[in-house]
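>>> Provided below for reference: sequence and predicted model.
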Amino acid sequence: MNKENFSPDIASKPLHEIKAFQEQQIGKLLLYLEQHSVFYSGIFKQNKIDIRKIRKIEDLVHFPVTTKDDLQSRNDDFICVPRNKIIDYITTSGTMGDPVTFAMTDHDLDRLAYNEAISFTCADGSSDDTYQLMTTMDRRFMAGLAYFLGIRRMGASSGRSAPVRSAATSRHEPEQAVSRTITATTAPRVVMPLPPDLRPRTLDL
């Protein structure tokens with residue numbers, strides 16, 4: 001089995017070393033936000049926060065919580081790059097309310113792929129596997145794109161199944177087209193409606 005170690009070395013370090021590493025990065029992040037984020041630079045001024053005094057994770061209690069309403073009402077103010085650096089726009093599913101849009105750079109998409117590759121390899125996935133994607137990639141849905149990019153980053157293969165299949169796609173099921181391991185991949189909220197539909201096909205859930 002060809003299994004790349006996607007997890008960074010810091011992930012397996014003791015908690016105190018992980019915390020020290022995080023605190024090294026806090027200053028860089030806050031400085032970037034102060035220089036490039038309309039939303040957060042305003043938050044710093046409004047709350048009289050001197051970011052150079054934020055040195056510990058515990059110091060983050062001085063920041064007000066960023067809410068979903070903030071993301072929706074001031075979406076553009078969160079963008080920290082020139083418009084020509086935005087590669088894709090993705091949205092949440094809106095399960096708990098209105099969907100929220102996120103502007104993604106090329107680097108953001110690489111990070112999305114990396115995060116999902118870590119998740120798959122943590123579950124013993126590898127480039128030898130084939131995944132059946134049961135989550136849509138259209139309508140800017142974040143999870144479907146993330147799963148696909150993570151599988152691609154891991155070097156595995158995938159078969160994409162739309163929630164509603166046409167006669168053409170039903171004649172070419174991914175499980176009939178491949179002979180290696182099939183792992184179904186979907187968002188948690190999709191799982192609940194599936195069992196009644198699948199029981200006539202005698203699948204062991």
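Received, thanks.
>>> what about the strands in the protein?
Using DSSP state E, the strands of the chain run over 86-91, 101-105, 130-133, 157-160, 182-185.
>>> Tell me which residue is most central in the protein.
Centroid check for the chain by Cα atoms, centre = their mean gives L112 as the closest residue, at 4.8 Å.
>>> residues of the biggest helix by length in the chain that come out buried?
In the chain, taking DSSP state H as the definition, the longest helix is helix 15-36. Buried positions in helix 15-36, judged by neighbour count with 16 or more other Cβ atoms under 10 Å: I26, L30, L33, E34. C-beta: built from backbone N, CA, C; applies to glycine.
>>> How about stretch 134-147?
Within stretch 134-147, the residues scored as buried using 16+ other Cβ under 10 Å are M134, T135, T136, M137, F141, M142, A143, G144, L145, A146, Y147.
>>> okay if I get those residues as TSV plus distance to F63 and pLDDT?
Output for the buried residues of stretch 134-147, formatted as TSV (distance: Cβ to Cβ, whole Å; pLDDT from 0 to 100):
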residue	distance to F63	pLDDT
M134	38	81
T135	33	78
T136	35	75
M137	34	76
F141	30	77
M142	25	79
A143	28	81
G144	32	83
L145	30	86
A146	27	89
Y147	32	90
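>>> Tabulate those (CSV), appending distance to L60.
Putting the buried residues of stretch 134-147 into CSV (distance: Cβ to Cβ, whole Å) gives the following:
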residue, distance to L60
M134, 37
T135, 33
T136, 35
M137, 35
F141, 31
M142, 25
A143, 28
G144, 32
L145, 30
A146, 26
Y147, 31
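>>> taking these one by one, which sit in helices?
Using DSSP H, the buried residues of stretch 134-147 in helices are M142, A143, G144, L145, A146, Y147.
>>> Switch the residues you listed over to JSON lines; also include distance to D50.
Converted to JSON lines, these look like this (distance: Cβ to Cβ, whole Å):
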{"residue": "M142", "distance to D50": "35"}
{"residue": "A143", "distance to D50": "38"}
{"residue": "G144", "distance to D50": "42"}
{"residue": "L145", "distance to D50": "38"}
{"residue": "A146", "distance to D50": "36"}
{"residue": "Y147", "distance to D50": "41"}
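>>> of those residues, closest to F120?
Y147 (8.6 Å; Cβ to Cβ).
>>> does the closest one really touch M134, like I thought?
No: the criterion here is Cβ atoms under 8 Å, and Y147 misses it with M134 at 9.3 Å.
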